[in-house]
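*Asks:* only geometry, no sequence info:
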């Protein structure tokens, strides 16, 4: 097959998902191409795109693609459609809200099936406010143009069905997967912090909840934290850490490859308010890093209850951190057992083949 993946920003778990699909689909004999934003991600994104291009027989095409709707989108729709026509494709796979928009608008006029994977995206919005109604209304319209949906977890499919509807189109749930070499234990560095956060630095990720939990535990433990990632709200969290008296115990490490980030902390915390099926949870499990995550999105589909808190809450998180640190050796042993289970269930090769099989069932 000739497969083109369309998405906006070459960062985060969505980009990881596309890179894995491109590599595995190429290894299975398909020709793969990518269309994405040319303005975001910086040097790291450029390096990863260059690396991924080795698996893209149909090339890597970039345009300036903004995150929010704008008049520029009309011109961009034409540019994407022309690029797809020139490259030639058997299927367009749009990822995230903007990728889904362009794939589903370009596909029907060209007679090409289009697939959509939300990766959270518009599903984080609600109908009861103007911005949410705009995004979800657009999704409802596009659902009738697309050929089908692939969801990365059961939660995402259920939420999409409730908020938008499948419009009678076929769908499949295909969980993210990891490569065999990722199931290698990571040893904390000699100067590792007690806790580690890896992800986008924004409100949805719950960094404020984590900082407040550390502050609450200070009379018992003077815990330290490494924050790995970047985002528009970085300065807000620097100020919050200072306000809570944590500046000397919280380091902001910037964006790093995940395997370089893991040695910086002894326990991973994922305090998110919203998620779909985050790679960082799978990756931490594979690295045998003790982990606590909020039970949001599809996290419960991979992470047992003993590693989760019921909701993004300061008290719940502080209590769970204290509980797991109280017997860290037992926690590490449980993390090792969990890694073996995940390795048996979540692989990139299975993910790619299940996605490609779904393509083969589609009509325009």
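*Replies:* Yep, it's here. Bear in mind that the values here come from a model prediction, so they are computed numbers and not experimental data.

*Asks:* Assumed residue 336 was part of a helix.
*Replies:* Yes - counting by DSSP: H, G, I helix; E, B strand; the rest coil, residue 336 is located in a helix.

*Asks:* Surely residue 200 and residue 14 touch.
*Replies:* No - the pair residue 200 and residue 14 does not pass the contact test of Cβ atoms under 8 Å, sitting 10.9 Å apart. Every residue, glycine included, has its C-beta placed from N, CA and C.

*Asks:* These two - which one has more neighbours?
*Replies:* With other Cβ atoms under 10 Å as the criterion, residue 200 and residue 14 differ in neighbour count, and residue 14 comes out ahead with 24 against 18.

*Asks:* any idea how far that one is from residue 228?
*Replies:* Taking Cβ to Cβ, to the nearest Å as the measure, residue 14 and residue 228 are separated by 18 Å.

*Asks:* Specify the beta-bridge partners of residue 92.
*Replies:* On the basis of DSSP bridges, residue 92 takes part in beta bridges with residue 4, residue 114.

*Asks:* What count of nearby residues applies to it?
*Replies:* A count of neighbours around residue 92, defined by other Cβ under 10 Å, yields 31.

*Asks:* List the buried residues for stretch 69-76?
*Replies:* Neighbour counts using 16 or more other Cβ atoms under 10 Å place 73, 76 of stretch 69-76 among the buried residues.

*Asks:* Tell me how far it lies from the chain's centre.
*Replies:* Counting by Cα atoms, centre = their mean, to the nearest Å, stretch 69-76 is centred 25 Å from the centre of its parent chain.

*Asks:* Rounded mean pLDDT for it, please.
*Replies:* In this model, stretch 69-76 has an average pLDDT of 87.

*Asks:* got the contact list for it?
*Replies:* Identification of contacts with stretch 69-76 by Cβ atoms under 8 Å, 6 or more residues apart in numbering yields 63-66, 101-102, 134, 138.

*Asks:* where along the stretch 151-300 of the chain do the helices fall?
*Replies:* Under the criterion DSSP state H, counting those that start in this stretch, the stretch 151-300 of the chain carries helices at the ranges 154-163, 207-217, 234-243, 258-261, 279-286.

*Asks:* can you give me the strands in the stretch 101-250 of the chain?
*Replies:* Read by DSSP state E, counting those that start in this stretch, the stretch 101-250 of the chain holds these strands, from start to end of the chain: 114-117, 148-151, 171-173, 193-198, 225-228, 250-254.

*Asks:* Check which helices and strands the fifth one is in contact with.
*Replies:* This means strand 225-228. Using 3 or more Cβ pairs under 8 Å, 6 or more residues apart in numbering; DSSP states H and E as the contact test, the elements touching strand 225-228 are strand 193-198, helix 207-217, strand 250-254.
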